[in-house]
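Below are the sequence and a predicted model for it; my questions follow.
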Amino acid sequence: MTGAHLLSQDDAEEPPGHILVIYNTVERVVRGEAHDLLAEQEVIQTAQAIAQALRAAGHRAITAPVREDVGAVLEGYDPHDVLVFNLCESLGGRSEDEPKVPLFLDQWGFHYTGSSGPTIATCLNKARTKALLARHGVPTAPYQVLYQPTDPVNSDLLPAIVKPLAEDASHGISRDSVVRTPKQVRERVDYILRTYRQPALVEAFIQGREFNVGIWGNGTPHVLPLSELDFSYWTDPYQRICHYDAKWNPEAVEYHTMPVLCPAPVERDLAARIREVALRAYRATGCRDYARVDLRVMDGVPYVLEVNPNPCLAPDAGFFNAARVAGYGYADMANRIVTLAWRRRHLAWMRQPTGLHIHPRPEAAPRQPALLRPGQGVR
C-alpha cells in the first residue's frame, strides 16, 4: 500500500475544477545579499513541478506568476470552482508581504492551500513566534531582540546565534552567525541592520542534534518521518548550523558536508518527545494543511527553532523527502495537499482534538536512514 492510499473515504468528493498554482517572481533582491536571489527564484521551478505533478494526478493545473498584484492573476476565475495552490513567499521581493497573499485570497473568496495570513505573519516574525510558543508551554530557546548595535546585550544568552528578525530560507545566517562575546553580537546586529534593514534576534545557541519535522493535516495532523541533519563532519559545535550556504551554495563546504538522514536514527522515547513538541507548535501557531517544524535537542529537551508554514515543496526539499519516506510519490504529495485544502470548505478543522497521530509508514518505506546527495533535504 502506498501513501497515496492512506486518505479516508471522504477524499472521494468532487475535486476542484481548476487548480491555479501561484508563485512569486523576483528579478532582484530589495534588501540583503545579492546571492539571496538563488532562494527567491527556486519557487519558479517548484511551481512548475507542482503543476506538472497535479496534472499527472488528473487535475487541470495552471501556473501564474505574481509580482505585486494578486488580483490580476485571479481575474476570470470562479472562486467556487478554483483552488489556489499558494506558493507565494513574497510580493515584489518583500518577504514581509507574504501574509498579504492569503489575506487577499480570503477577501475575494478563493480557497487555497496552506496557512492563513495571520499564521504566516506570526511565523515570519521569529520573536512573535517564540512568544506565542512560550505562552503555550512549547520549549524554545531564550532570546532578545536588538534594534541598534548599541542596545544592551544579555550576556546570559551567550553563546548565541544572531538572525534577522523576519526572514526565511536562512537569509542573513552564515558561519559567522554564532557569537560568543557581546562585541561579536554588536557586530552581527550591525550587519543585519545595514544589510537586511530590520532588527536582529539574538537567541541562546542550543548545542545538540537538529531535526526537521514535516506535519500535514487538519483536525488530527499526521507527523511524517523525522529528518536529522548530520553534523558529524564538523567537530566545532558552533559550526554545526544549517546556514544559507549549506542550503543554497554548491561551492560551500557545508553544502556537501551536512547531509540529511530520513528516517532519523533516533531512539523511540526521544522521537516521541520530538513529535509531541512539533505537533504542539503546529497547533499553537495555527498551521494547516502542511508545515515543517525545526527543532534542536539539548539534555533530552526538544527546543523549537522555527515553525515554517507552507515550507518549500521542491522535489529535492526536506518536506517531500519525508513524504517520500512515508511512501508518497511527488504527485501523491501534491494531490494530498490539494485534498486537505479543498476539504476545508466543509470542515471546522480548527476544533482539533489533542491527540497525536503518527503517519503510518507503508511496508515499502526505507527502514534505515538514507543519505541524500549534497543540498537535498535541508530546505
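Looks like it came in fine.

Now L305: which helix or strand?
strand 301-309 (DSSP states H and E).

Just give the nearest non-adjacent residue to the most far-flung residue of the chain relative to its centre, would you?
Computed with CA atoms, centre = their mean, the residue of the chain farthest from its C-alpha average is T150, at 32.2 Å. Excluding the flanking residues, the one nearest T150 by CB to CB, 6 or more residues apart in numbering is R186, at 7.4 Å. C-beta coordinates here come from the backbone N, C-alpha and C atoms, glycine included.

after the host helix or strand of the one you found, next one along is what?
Element membership for R186, per DSSP H and E: helix 182-196. Following helix 182-196 in sequence order, the next helix or strand is strand 200-204 (DSSP H and E).

chain center to the lengthiest helix in the chain, what's the gap?
Across the chain, the longest stretch assigned as helix under DSSP state H is helix 37-56. Averaging C-alpha positions (CA atoms, centre = their mean, to the nearest Å) puts helix 37-56 16 Å from its chain's average.

elements contacting it?
strand 18-24, strand 61-66, strand 82-86, helix 244-248, helix 330-343 (3 or more CB pairs under 8 Å, 6 or more residues apart in numbering; DSSP states H and E).

returning to what we had before: mind listing residues that contact the helix holding R186?
Helix 182-196 has contacts (CB atoms under 8 Å, 6 or more residues apart in numbering) with 31-33, 146, 148-151, 153, 155, 158, 160, 162-164, 167, 171-172, 176-177, 179, 198-200, 202.

Then stretch 143-161?
For stretch 143-161, contacts defined as CB under 8 Å, 6+ apart pick out 126-127, 130, 142, 165, 173, 177-182, 185-187, 189-190, 193, 199-205, 238, 241.

which of the residues in it are buried?
Y143, Q144, V145, L146, P149, D151, V153, N154, L157, L158, A160, I161 (16 or more other CB atoms under 10 Å).

Quick check: closest non-adjacent residue to the first one.
In space, and not counting its chain neighbours, Y143 is closest to E203: 4.3 Å by CB to CB, 6+ apart.

so the one you found bridges to which residues?
Beta bridges link E203 to Y143, I161, judged by DSSP bridges.

hmm, who's touching the strand holding L305?
In contact with strand 301-309 (CB under 8 Å, 6+ apart) are residues 114-115, 119-120, 123, 126, 129, 133, 138-141, 168, 206, 210-211, 270, 273-274, 277-278, 281-282, 285, 287, 291-297.

quick one, helices of the stretch 101-250 of the chain?
For the stretch 101-250 of the chain, helices defined by DSSP state H, counting those that start in this stretch occupy the ranges 117-124, 126-135, 182-196, 244-248.

Let me know which of those helices is the nearest to H222.
helix 117-124 (18.3 Å; CB to CB).

Output the contacting helices and strands for that closest one.
Helix 117-124 packs on helix 100-107, helix 126-135, strand 301-309, going by 3+ CB pairs under 8 Å, 6+ apart.

Let me know the angle separating that helix from strand 82-86.
Using axes from the mean of the first three to the mean of the last three CA atoms, to 10 degrees, the direction of helix 117-124 lies 10 degrees away from that of strand 82-86.

quick revisit: for A49, see how far away the residue farthest from the centre of the chain is.
Using CB to CB, to the nearest Å, T150 is found at 46 Å from A49.

same question, D106
For D106, the distance to A49 - CB to CB - is 26 Å.

shouldn't V138 be in contact with T285?
No: contact criterion CB atoms under 8 Å: V138 and T285 do not qualify, at 9.3 Å.

Test my guess that C262 contacts P225.
Yes: the pair C262 / P225 is scored as a contact, 5.8 Å apart, by CB under 8 Å.
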